[in-house]
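Provided below for reference: sequence and predicted model.
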Amino acid sequence: MDDMSYDLCLSREISDYKTKVFASKMFSTNWMVCALVIVCVSVRQSLAAPAAQEQEYPPMPYEYKYDVEDQEKALYFGANSQGDAQGKVIGGYRVLLPDGRLMTVEYTVEGDSGFVPKITFEDNANPFGKGKK
């Protein structure tokens with residue numbers, strides 16, 4: 001192979017390589033532009049959508065209570081709660097801890113106060129058979 005043929009062959013390979021690199025860059029650039037357009041349209045649609053109207057409902061009065069007591073397995077726990085039409089909630093729960101203490105949590109909620117707890121512990125508690133709170 002003479003020098004001119006070699007140069008021509010090398011020139012074609014370089015040209016083919018540059019074309020492939022250019023095409024690859026154009027392809028990835030086109031995909032990036034397409035993805036950017038899709039994201040922009042999606043954001044615009046979500047911003048243009050009207051916000052859902054939340055309807056305010058008055059608090060509904062409720063009351064519940066449960067107790068679980070299994071002396072053989074040393075299980076004792078329960079809870080109670082009640083809410084009134086003004087939104088005030090009073091409740092509590094209790095559990096016999098593995099160390100023998102009875103933990104009682106009593107709480108209230110009024111307005112936007114969040115839960116306001118009062119936590120007590122009773123040492124050497126034996127809540128079984130005392131009746132349910």
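Here it is on my side, so go on.

mind giving me the domain split of this structure?
Domains of the chain are assigned by automatic domain parsing as 1-52, 62-122.

which one of those domains has the lowest average pLDDT?
Per-stretch mean pLDDT for those is lowest at domain 1-52 (a mean of 64).

and residue 37, what element?
Here residue 37, judged by DSSP states H and E, is contained in helix 3-48.

Does anything pack onto the helix or strand that that helix is followed by? Which helices or strands?
Once helix 3-48 ends, the next helix or strand along the chain (criterion: DSSP H and E) is strand 62-70. Under the contact definition 3 or more Cβ pairs under 8 Å, 6 or more residues apart in numbering; DSSP states H and E, strand 62-70 sits against strand 75-83. No exception for glycine: its C-beta is placed from N, CA and C like everyone else's.

Show me what the strand it packs on is packed up against.
Under the contact criterion of 3+ Cβ pairs under 8 Å, 6+ apart, strand 75-83 touches strand 62-70, strand 89-96.

Present these as CSV; the columns should include mean neighbour count and distance to residue 117.
Listed next are the helices and strands packed on strand 75-83 as CSV, based on neighbours: other Cβ atoms under 10 Å; distance: least, Cβ to Cβ, whole Å:
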stretch, mean neighbour count, distance to residue 117
strand 62-70, 11, 18
strand 89-96, 18, 9
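
and those as JSON lines, adding distance to residue 123?
Output for the helices and strands packed on strand 75-83, formatted as JSON lines (distance: least, Cβ to Cβ, whole Å):
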{"stretch": "strand 62-70", "distance to residue 123": "20"}
{"stretch": "strand 89-96", "distance to residue 123": "12"}
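
I appreciate the help and will end here.
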